[in-house]
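Participant: 3D model of this:
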Amino acid sequence: MASEDEKTSESAVSTIVNLAEEAKLAREGVKAPSYAFQSICKSLAAGGVAGGVSRTAVAPLERLKILLQVQNPHNIKFTGTIQGLKYIWRTEGFRGLFKGNGANCARIIPNSAVKFFSYEQASKGILYLYQQQTGHEDARLTPVLRLGAGACAGIIAMSATYPMDLVRGRLTVQTENSPYQYRGMFHALSTVLREEGPRALYKGWVPSVIGVMPYVGLNFAIYDSLKDWLVKSKPFGLAEDSKLGVITRLACGAVAGTVGQTIAYPSDVIRRRMQMAGWSNAASVVTGDGKAPIEYSGMIDAFRKTVRCEGFGALYKGLVPNSVKVVPSIAIAFVTYEVVRDLLGVEIKVPD
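Facilitator: The predicted structure is shown next:
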């Protein structure tokens, strides 16, 4: 009898345990997707806030950079940063400094959200494949792996928001004296689509891909690698309790932005010029007040004509205001993302 009682008792305990596990799994099965969805939304929100804040802070320099990139070489209006900002202020006033920023934020917020989230996911995927290939489950992300993850993130984010970038460029370039005025982002999109066709929305996409891979890849790779090195080596007492201060992280972002944009800048100039090609109602800074417009048949042709007509230095037109813009912009974006991510309690983070 005793043995039968023991068996009955064990069976009852086993049944209770199984029921408890099933209930737990059922709860997790309901909650897990919701929790994962919330984490994804929080991560996207953090990236979007970072993009909006960082880009608005440097909007005047962003507009000046684009104007320097696309102004007609036969009728130069300005050549330097201060001269260019004075020209915009004199001809268009304070609002002119922020022209196109609304469309810019409408593009950069989703772009930044997708970029940061894609980098996190690409880092995890690349690290997993690397661990499987090498057989070392404790392997960490190297600078090269981070570069690859950043390049993937850049391509995904840029492709998803490219038509917005083209429209933002045109809104930024137009002035009060432009022959034809886009009334806003959606009006510009519909006008380009109607008058130039769907392919026009992706003018300059190829040089954009070529430029975004090293640019975004280097940004993420240098930023994360610098942080890791500072935390491990602790030079000058910059890292306390394996954490870096805001100023130190801003400096890491500044270094990353400077290196990345300098390497990728020529492709950005070509991309912007290809976007403006074929736009007959552009501002005088682009058309040259009746001068013959320069047409491009493709990326290589644009490179060749730019260098032949204006010299190699033309590939770096606008680099100075862009450098002044990029250094704080990238730094602010990285730090803002990390701060907002921590405030929201995001647990989707890049693996070490």
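Participant: show me the shaky parts of the stretch 51-200 of the chain.
Facilitator: In the prediction, the stretch 51-200 of the chain carries residues with pLDDT under 70 at positions 72, 74, 175-180.
Participant: show me where it has helices.
Facilitator: Taking DSSP state H, counting those that start in this stretch as the test, the helices found in the stretch 51-200 of the chain are 59-70, 81-92, 94-97, 101-134, 143-173, 185-196.
Participant: tabulate the ones you listed in CSV, adding columns for distance to Gly48.
Facilitator: Bear in mind the C-beta positions are built from the backbone N, C-alpha and C, glycine included. Below are the helices of the stretch 51-200 of the chain laid out as CSV (distance: least, CB to CB, whole Å):
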stretch, distance to Gly48
helix 59-70, 17
helix 81-92, 28
helix 94-97, 23
helix 101-134, 4
helix 143-173, 11
helix 185-196, 17
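Participant: compare these and give me the one nearest Asp342.
Facilitator: Of all the helices of the stretch 51-200 of the chain, it is helix 101-134 that lies closest to Asp342, at 13.5 Å by CB to CB.
Participant: just to revisit the earlier point, pick the most buried one from the helices of the stretch 51-200 of the chain.
Facilitator: Ranked by mean neighbour count under mean count of other CB atoms under 10 Å, those are led by helix 59-70, which reaches a mean of 25.
Participant: packing partners of that one?
Facilitator: Other helices and strands packing on helix 59-70, by 3 or more CB pairs under 8 Å, 6 or more residues apart in numbering; DSSP states H and E, are helix 81-92, helix 94-97, helix 101-134, helix 143-173, helix 246-276, helix 284-287, helix 319-344.
Participant: mind listing what Lys243 touches?
Facilitator: Val231 (CB atoms under 8 Å, 6 or more residues apart in numbering).
Participant: same check, this time on Tyr215
Facilitator: When contacts are taken as CB under 8 Å, 6+ apart, Tyr215 is in contact with Gly154, Gly260, Gln261, Ile263, Ala264.
Participant: related to what we said a few turns ago, minimum distance to Gly211: which of the helices of the stretch 51-200 of the chain has it?
Facilitator: Using CB to CB as the criterion, the shortest distance between Gly211 and the helices of the stretch 51-200 of the chain is 8.9 Å, found for helix 143-173.
Participant: quick one, the closest one and helix 185-196 angle?
Facilitator: An angle of 90 degrees separates the directions of helix 143-173 and helix 185-196 when computed by axes from the mean of the first three to the mean of the last three CA atoms, to 10 degrees.
Participant: what's helix 143-173 packed up against?
Facilitator: Identification of packing neighbours for helix 143-173 by 3+ CB pairs under 8 Å, 6+ apart yields helix 59-70, helix 101-134, helix 185-196, helix 205-233, helix 246-276.
Participant: from the middle of its chain, how far away would the longest one be?
Facilitator: It refers to helix 101-134. 9 Å (CA atoms, centre = their mean, to the nearest Å).
Participant: swap in the first one?
Facilitator: Distance of helix 59-70 from its chain centroid, counting by CA atoms, centre = their mean, is 17 Å.
Participant: next, the angle helix 246-276 makes with that helix.
Facilitator: 40 degrees.
Participant: how about the second one?
Facilitator: Going by the same axes, to 10 degrees, helix 101-134 is angled at 110 degrees with respect to helix 246-276.
Participant: same question, the third one
Facilitator: What separates the directions of helix 185-196 and helix 246-276 is an angle of 30 degrees, with the same axes, to 10 degrees.
Participant: hmm, back to that, including distance to Ala103, could the contacts of Tyr215 go into JSON lines?
Facilitator: Converted to JSON lines, the contacts of Tyr215 look like this (distance: CB to CB, whole Å):
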{"residue": "Gly154", "distance to Ala103": "20"}
{"residue": "Gly260", "distance to Ala103": "23"}
{"residue": "Gln261", "distance to Ala103": "21"}
{"residue": "Ile263", "distance to Ala103": "27"}
{"residue": "Ala264", "distance to Ala103": "22"}
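Participant: among these, which one sits closest to Leu343?
Facilitator: Gly154 (25.6 Å).
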